[in-house]
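A.B. asks: Give the three-dimensional model of this entry:
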Amino acid sequence: RKPKGSRPILHSDMGWQYQQAGWCRRLEEAGVVQSMSRKGNCIDNGATEQVFGHIKDEFFRGRTWPDFESFKADLDDFVVHWNTRRRQVKLKGLTPEEFRRQSLAA
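C.D. replies: Got it, this is the predicted structure:
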């Protein structure tokens, strides 16, 4: 189910499975816009695959939810945590909020 009038986008690489006529037709029938990386440009997907890998490891693996609404609420909370409170090595152990504040204070 999706809100009336919405046009969600499904981004993928150019794998053969995503180019099959049946798959493309099912997306179109469901009102989903298909988006693919350019051929030979794996960088397009690199950041997305990294985030989804972390979500699977840190949020999803080993957990179950009684219904979609519970899952969505927990995922929304995790995304807020990811974007604001999660300490990151690449930010020298700071959270994204701490890193942004540090930049603004300089």
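
A.B. asks: after the helix ranked longest in the chain, next one along is what?
C.D. replies: Taking DSSP state H as the criterion, the chain has its longest helix at helix 68-84. Beyond helix 68-84 on the C-terminal side, the first helix or strand identified by DSSP states H and E is helix 96-105.

A.B. asks: in that next one, what counts as buried?
C.D. replies: residue 98 (16 or more other CB atoms under 10 Å). In short, each C-beta sits where N, CA and C put it, glycine included.

A.B. asks: for stretch 56-68, same thing?
C.D. replies: Residues of stretch 56-68 classed as buried by neighbour count (16+ other CB under 10 Å): 59-60.

A.B. asks: circling back to that earlier point, helices or strands up against the longest helix of the chain?
C.D. replies: Using 3 or more CB pairs under 8 Å, 6 or more residues apart in numbering; DSSP states H and E as the contact test, the elements touching helix 68-84 are helix 43-55, helix 96-105.

A.B. asks: hang on, residue 27 packs against residue 11?
C.D. replies: No: between residue 27 and residue 11 there is no contact under CB atoms under 8 Å: 11.6 Å.

A.B. asks: Outline the domain layout of this protein.
C.D. replies: Domain assignment of the chain by automatic domain parsing yields the ranges 1-41, 45-106.
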